[in-house]
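**Student:** just to be clear, the model below is a prediction. Sequence and coordinates:
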Amino acid sequence: MGDRYWLWVGARLLVGVAIIAWALSYLGTGSGEKEFQKTLDAMKQVHSFRVASATNQVGVQHNEMLWEVDCNRDILHHQMHMVMTGSNAGEFHRDELYVKGREYDRQSDGSWRGSYYQNTSSAEWYCRNLAQGTDSNLLPQIATMIKRGIIQKGDKKTVDGVRCREWLVTMKGGYSGLEHDTVCLGLEDHLPYEMTVDWENSRTSFSDYNAPMRLDVPEAALHPASAPTGSN
């Protein structure tokens, strides 16, 4: 009887230790933080990508934005479509292109017109941040989430044909309405494919990692005129 009792106690202890180890691996530092570190490392290898975002402030306005980034050619394409409702009803659309530090605006006839101003939000700037593991405003702020986020494991799902796992992130000290995020990370490549934020029902999808970017680029941007040189 005594031997059976101690065997029973030993088995209970083993089960308890296994449950505690499982809980620590799931909730403690290791599950979410390690997965997000894999994502941060994977993002350092990204050279092109697309970002599509939509926000909906009910009764006020609906916004849709698209970014296309080609690091190798230093090209950033940005489109914005805003529909305002209520007393300020109206519609606004803008199509912008940044090539090697030069800004172009799409005209009504489909052509591009160069701007006299340079924009700091170039592809080169975003790509440099990616390579350094520094957060930017396009892809999810994974580095900040690792430092300040409470990360919880969610369910697997499919986003635009890619299997990913959703992670729930609560930002410590985050602004009201912006502290609760979800990020869906690819099961195979660890890259982000979807992000949602409480604010204005915001949803952003990420796609075409390292895929060729077929962008309509002005000929002048591809072959800029060389500066005239004087002779002594």
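**Tutor:** Nice, thanks for sending it over.

**Student:** okay, now the nearest residue in space to Q79 that is not next to it in sequence: neighbour count?
**Tutor:** Excluding its sequence neighbours, the residue lying closest to Q79 (C-beta to C-beta, 6 or more residues apart in numbering) is L66, at 4.5 Å. C-beta here means a position set from N, CA and C on the backbone, and glycine is covered the same way. L66 has 15 neighbouring residues, counting by other C-beta atoms under 10 Å.

**Student:** and the helix or strand where L66 lies, what's its mean pLDDT?
**Tutor:** Using DSSP states H and E, L66 sits within strand 61-70. When pLDDT is averaged along strand 61-70, the result is 92.

**Student:** how about the helices in the protein?
**Tutor:** Using DSSP state H, the helices of the chain run over residues 2-27, 31-43, 123-132, 142-148, 219-222.

**Student:** lowest average pLDDT across those?
**Tutor:** helix 2-27 (a mean of 44).

**Student:** if I look at Y209, how far off is W125?
**Tutor:** To W125, Y209 is 19 Å away according to C-beta to C-beta, to the nearest Å.

**Student:** and those two? Which one has more around it.
**Tutor:** Y209 (20 against 16).

**Student:** my guess is the more buried one contacts H190, does it?
**Tutor:** No: using C-beta atoms under 8 Å, Y209 is not in contact with H190, being 10.9 Å away.

**Student:** next up, the contacts around the nearest residue to D70 once chain neighbours are set aside.
**Tutor:** Excluding the flanking residues, the one nearest D70 by C-beta to C-beta, 6+ apart is M213, at 4.1 Å. Taking C-beta atoms under 8 Å, 6 or more residues apart in numbering, we find M213 in contact with S48, E68, V69, D70, R73, I75, H77.

**Student:** if you set the cut-off to 6 Å instead, what comes out?
**Tutor:** S48, E68, D70 (C-beta atoms under 6 Å, 6 or more residues apart in numbering).

**Student:** cool, thanks, signing off.
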